[in-house]
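Trainee: From the sequence below, what's the structure:
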Amino acid sequence: MTSHQGPDGQAASTRRPAPTWISWIALALMTTSSVASLRPAPTMAVYGLACVLLYLIPALVFLLPTSLVSAELASGWRGGVYNWVARGLTKPLGFLAVWCQFAMTIFYYPSLLGYVASTLAYVFDPALASSGLWTAGVIIVAYWSGVWISSR
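Mentor: Numbers count the residues shown, from 1 in each chain. Predicted structure coming up:
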């Protein structure tokens, strides 16, 4: 704590604000929404083809290096994220890495598919966009189709 003379000659005390840090949860949510979100697509449509650049920059800066790291790890060691982290660090951190992957995707995919379902509804019948049954059906079919395809 420091003190100095104020404009009226009285001693004034000032305190530096404590530094604030972003939490890892907020960072993970911001990364996911900034890199892989389709929600701003209608808003960005007014920019025309210039908005393609706004999707290419994160893809080149974030997704390309991530895929190259994954490709390198996959070519050197069998298994997946758990095995890579467990061998490189520890088994509990391997579990944490897989749990973080699960936690990120379990909330992300249904919300993304909900957006896709409501957008797709306008192709068939705009009234379907507000139908919970339509949205749930599209989410379930798309999600389990993805699970089936990736398990093959």
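Trainee: Give the burial count for residue 111, as a bare number.
Mentor: For residue 111, the count of nearby residues is 13 (other CB atoms under 10 Å). C-beta coordinates here come from the backbone N, C-alpha and C atoms, glycine included.
Trainee: before we move on, what about residue 145?
Mentor: 10.
Trainee: what does residue 50 give?
Mentor: 9.
Trainee: what residue ranges in this structure are flagged as low confidence?
Mentor: 1-13, 19, 22, 24-41 (pLDDT under 70).
Trainee: Do you have the strands of it handy? List them.
Mentor: 2-5, 11-14 (DSSP state E).
Trainee: what residues are up against residue 151?
Mentor: By CB atoms under 8 Å, 6 or more residues apart in numbering, no residues touch residue 151.
Trainee: Give the buried residues for the longest helix anywhere in the chain.
Mentor: Assignment by DSSP state H gives helix 91-124 as the longest helix of the chain. For helix 91-124, burial by neighbour count (16 or more other CB atoms under 10 Å) applies to 94, 97, 98, 110, 112, 113, 117, 118, 120, 121.
Trainee: That one - contacts with which helices or strands?
Mentor: For helix 91-124, the helices and strands in contact under the criterion 3 or more CB pairs under 8 Å, 6 or more residues apart in numbering; DSSP states H and E are helix 24-36, helix 81-88, helix 132-151.
Trainee: quick one on the thing from earlier: out of the buried residues of helix 91-124, which comes closest to residue 60?
Mentor: The nearest member of the buried residues of helix 91-124 to residue 60, counting by CB to CB, is residue 112 at 21.3 Å.
Trainee: Give me the distance between that closest one and residue 50.
Mentor: For residue 112, the distance to residue 50 equals 24 Å [CB to CB, to the nearest Å].
Trainee: again, but for residue 127
Mentor: For residue 127, the distance to residue 50 - CB to CB - is 33 Å.
Trainee: One more: residue 149?
Mentor: For residue 149, the distance to residue 50 - CB to CB - is 33 Å.
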